[in-house]
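Visitor: Dropping the sequence and predicted coords here.
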Amino acid sequence: MNIKKFRQIRTAIIIFVGIIVFLAVSLNSYLLAAIGVFTGMLFLSLVRAKTKIVIDERERTIREKAANLTYAIFAPTIGIGSFLLLFPSYSNLSVFSKGEFVYLESLGMIFAYLTFFLIVLYSLSYFFLNKKYSGGS
Amino acid sequence: MKNKLKVYRAIHDLTQEELALKIGVSRQTVIAIESNKYLPSLGLAFRISKLFKVTIEDIFLYNDKEDHEN
């Protein structure tokens, strides 16, 4: 199976899963949605296994650059976002007094931990990759 | 960095698809190399030169002034 055929089948599977999920939401059946998504994922992995997809060095370079760009955008965005969400809770402004915007504070905390996790993960990956590709001494 | 990949491909009467198959990359990569939008790795450059039975320098032309900036 070539890449063109794979893309056609993938589109068909995505449409099928979309319809199933739409029906499941309409019928208020979470089980049906879960089964639909699971079946779609299973079919997709089976089709992917049968396809000869060439992932060459250009593709890898593109992925690396895309990942780098995603990190460069995502980390500061959620970092600044968490600060902006947490700031009102710790300020003395009466409109943001504690208790009124608790959900914002919770969201800010989640964003802050997410930023922390992202930076730690990046640092660890950098450390191990740097070790792997260094001279060895 | 400029290259003569298109010329060598024409000499050996190969299509982009055939060349891509022979060197183990996608057709898009061959197109990108030919149009100087992507610099191949050393390994790929060796594979290309080995296929055409020439040296890397015969295919890839290094421009000291231009390439120093990259």
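Guide: Everything's here; your move.

Visitor: and the helix ranked longest in chain B, what's its mean pLDDT?
Guide: Secondary structure assigned by DSSP state H gives helix B:42-51 as the longest helix of chain B. Averaged across helix B:42-51, pLDDT comes to 95.

Visitor: wait, does it contact chain A?
Guide: Yes - counting by C-beta under 8 Å from any C-beta of the partner chain, contacts between helix B:42-51 and chain A involve B:43-44. Bear in mind the C-beta positions are built from the backbone N, C-alpha and C, glycine included.

Visitor: And the helix or strand that that helix is followed by, what does it pack against?
Guide: Following helix B:42-51 in sequence order, the next helix or strand is helix B:56-59 (DSSP states H and E). On a contact count with 3 or more C-beta pairs under 8 Å, 6 or more residues apart in numbering or on different chains; DSSP states H and E, helix B:56-59 meets helix B:42-51.

Visitor: Let me know the next secondary structure element after the helix or strand hosting A:Phe6.
Guide: Here A:Phe6, judged by DSSP H and E, is contained in helix A:3-26. Scanning forward in sequence from helix A:3-26 by DSSP H and E, the next helix or strand is helix A:30-50.

Visitor: for that next one, packing partners?
Guide: For helix A:30-50, the elements it packs on are helix A:3-26, judged by 3+ C-beta pairs under 8 Å, 6+ apart.

Visitor: Spell out which parts of chain B neighbour chain A.
Guide: B:20, B:24-26, B:28-29, B:32, B:38, B:40-41, B:43-44.

Visitor: okay, those residues in CSV with secondary structure and neighbour count next?
Guide: Written out in CSV, the entries for those read as follows (DSSP: H, G, I helix; E, B strand; the rest coil; neighbours: other C-beta atoms under 10 Å in any protein chain shown):
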residue, secondary structure, neighbour count
B:Ala20, helix, 20
B:Gly24, coil, 13
B:Val25, coil, 24
B:Ser26, coil, 20
B:Gln28, helix, 16
B:Thr29, helix, 23
B:Ala32, helix, 16
B:Tyr38, coil, 19
B:Pro40, coil, 25
B:Ser41, coil, 14
B:Gly43, helix, 11
B:Leu44, helix, 19
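
Visitor: Quick check: the farthest pair among those?
Guide: Using C-beta to C-beta, these span at most 18.2 Å, a distance reached by B:Gln28 and B:Gly43.

Visitor: Next, the buried residues of the biggest helix by length in chain A.
Guide: Ranked by number of residues, the top helix in chain A under DSSP H is helix A:57-90. By 16 or more other C-beta atoms under 10 Å in any protein chain shown, the buried positions in helix A:57-90 come out as A:57-58, A:78-79, A:81-82, A:85-86, A:88-89.

Visitor: quick one: which of the residues of chain B next to chain A is nearest A:Ile13?
Guide: B:Ser26 (22.8 Å).

Visitor: so how far is stretch A:13-30 from its chain's centroid?
Guide: 21 Å (C-alpha atoms, centre = their mean, to the nearest Å).

Visitor: Ok, stretch A:22-40 next?
Guide: With C-alpha atoms, centre = their mean, you get 21 Å for stretch A:22-40.

Visitor: Not counting its own residues, what contacts it?
Guide: Stretch A:22-40 is contacted from outside by A:13-14, A:16-17, A:20-21, using C-beta atoms under 8 Å, 6 or more residues apart in numbering or on different chains.
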